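Engineer: Whatever this is, show me its structure:
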Amino acid sequence: MMNFKISDWVMATTNQDEMIHGYVESIDVLQGLVRVYVIASDRESTIGKPMEVSHQDVKKLPVSTFDIEEQVKSLIDVALTARDEQWFFELTGELFAIQRNGAKRDERDVVPSYYFHNRLGVDQL
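Structural biologist: Numbers count the residues shown, from 1 in each chain. Below you'll find the model as predicted:
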C-alpha cells in the first residue's frame, strides 16, 4: 500500500542501492513505481534528475513545521530551484508570519549554520 502522494517529500533506495531524497513527481500504481525528483543523493550525478523507484523502497518523510527564519529561507531557495510556485508562496507566507511575530527559538535550540551544506548552489543568486 502506498502511503504517499504527489509532492510528498520522501527518501528511497534505488535498485543500485543508492540513497535518494526528493519529492514525488508521479505515481504509477499499476507498475508499483514512484517517480522522485532527486534533491540529494549519495551519487552526485542523480541530483536534479527524476528517478523511478519501486514503491516498496520509498519512505515518506515526516512533515515538520519551521519557525526559524533561516530554515524557511533555505526552503524558499529549494522551491525556486524546483520551480514550485505554490510551495514558494506558502513558504514566503510563513516567512512573513515569522518576521511579523518575531518567532525565533532560544539560541541553544538553533542548529549552527556550519551544520548545513547548500548543495544547490543557489546562495549566489
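
Engineer: Give me the buried stretch members for stretch 86-106, please.
Structural biologist: 87-88, 91, 94-95, 98 (16 or more other CB atoms under 10 Å). Every C-beta, even on glycine, is put in place using the N, C-alpha and C of the backbone.

Engineer: what's the spacing between the helix-or-strand element of the chain with minimal mean pLDDT and its chain's center?
Structural biologist: Within the chain, no helix or strand scores below helix 69-82, which has a mean of 86 by mean pLDDT, DSSP states H and E. For helix 69-82, the separation from the chain centroid amounts to 9 Å (computed by CA atoms, centre = their mean, to the nearest Å).

Engineer: related to what we said a few turns ago, could the buried residues of stretch 86-106 go into a markdown table alongside distance to Asp8, pLDDT and secondary structure?
Structural biologist: Converted to a markdown table, these look like this (distance: CB to CB, whole Å; pLDDT from 0 to 100; DSSP: H, G, I helix; E, B strand; the rest coil):
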| residue | distance to Asp8 | pLDDT | secondary structure |
| --- | --- | --- | --- |
| Trp87 | 12 | 89 | helix |
| Phe88 | 17 | 91 | helix |
| Leu91 | 16 | 90 | helix |
| Glu94 | 18 | 88 | helix |
| Leu95 | 22 | 88 | helix |
| Ile98 | 24 | 82 | helix |
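
Engineer: what's stretch 47-64 in contact with?
Structural biologist: By CB atoms under 8 Å, 6 or more residues apart in numbering, the list of residues contacting stretch 47-64 from outside reads 2-4, 8-15, 20-22, 24-25, 27-28, 32-41, 119.
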